[in-house]
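S.K.: sequence plus the predicted model coming up.
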Amino acid sequence: MLSEFRAFVMKGNVVDLAVAVIMGGAFGAVVTSLVKDVFTPALAAIVGAPDFSALALQIGDSAISYGAFLNALISFLLVAFAVFFFLVKPMNIMLARMNPKEEAPKVTPEDIALLREIRDLLKAR
C-alpha cells in the first residue's frame, strides 16, 4: 500500500499540479498586490476615487449597491490586464522565440502550372 502511494505521489502529473497550485497562489498574491497597491491608486489619481462601494441606488426600502459591482469589475479588469501583460504576453514571446514557425513554401506560377498539368493527366486516365 505504501509503495502504491509513493508511486502515485511521484507521478509527474501530481508533482506538476502541486507546483502549479503553489506557484499560482504565490503569483496571485503578486497580482493582487500589483492591482491593490499600484493600479488602483493610479486609477484613483485619474478618476478621483479609488473606491466606489459607497455608490448605491435607493429604491423604496432597498438599495442597489452598484458601486460594489463597479469595484469588482474594475478589479477583475485590472487583474486580467496584469496577467495578460506580465505573464501571457511574455510567455508567448518566449515560446515564439524558442519554437520559430516554419514558413509555408511559397507557391509560384510554375507550381500552379505543374499542378494543373498533373490534374489534367489524372483526368485523362
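M.R.: Noted; the coordinates are in hand. Numbers count the residues shown, from 1 in each chain.
S.K.: only C-alpha atoms for contact and neighbour calcs from this point on.
M.R.: Will do.
S.K.: show me where this structure has strands.
M.R.: Taking DSSP state E as the criterion, the chain carries its strands at 57-59, 62-64.
S.K.: ok, and what's touching the last one?
M.R.: Residues external to strand 62-64 that are found in contact with it (C-alpha atoms under 8 Å, 6 or more residues apart in numbering): 56-58.
S.K.: just put the residues you listed in CSV and tack on pLDDT and neighbour count.
M.R.: As requested, the contacts of strand 62-64 are exported to CSV (pLDDT from 0 to 100; neighbours: other C-alpha atoms under 10 Å):
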residue, pLDDT, neighbour count
Ala56, 87, 14
Leu57, 88, 12
Gln58, 89, 10
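S.K.: quick one on the thing from earlier: could you dump the strands of the chain into TSV and include distance to Ala20?
M.R.: Below are the strands of the chain laid out as TSV (distance: least, C-alpha to C-alpha, whole Å):
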stretch	distance to Ala20
strand 57-59	42
strand 62-64	39
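S.K.: between these, which one is closest to Ala26.
M.R.: strand 62-64 (34.8 Å; C-alpha to C-alpha).
S.K.: so which of the strands of the chain gets nearest Ala7?
M.R.: Nearest to Ala7, of those and by C-alpha to C-alpha, is strand 62-64 at 54.2 Å.
S.K.: neighbouring strands for that closest one, and are they parallel or not?
M.R.: strand 57-59 (antiparallel) (DSSP bridges).
S.K.: who's in contact with the lengthiest helix in the chain?
M.R.: Among the segments of the chain that qualify as a helix by DSSP state H, the longest is helix 12-34. Residues external to helix 12-34 that are found in contact with it (C-alpha under 8 Å, 6+ apart): 8-9, 79, 82-83.
S.K.: ok, now stretch 82-93?
M.R.: The contact list for stretch 82-93 (C-alpha under 8 Å, 6+ apart) reads 31, 34-35.
S.K.: I'm done for today, thanks for sticking with me.
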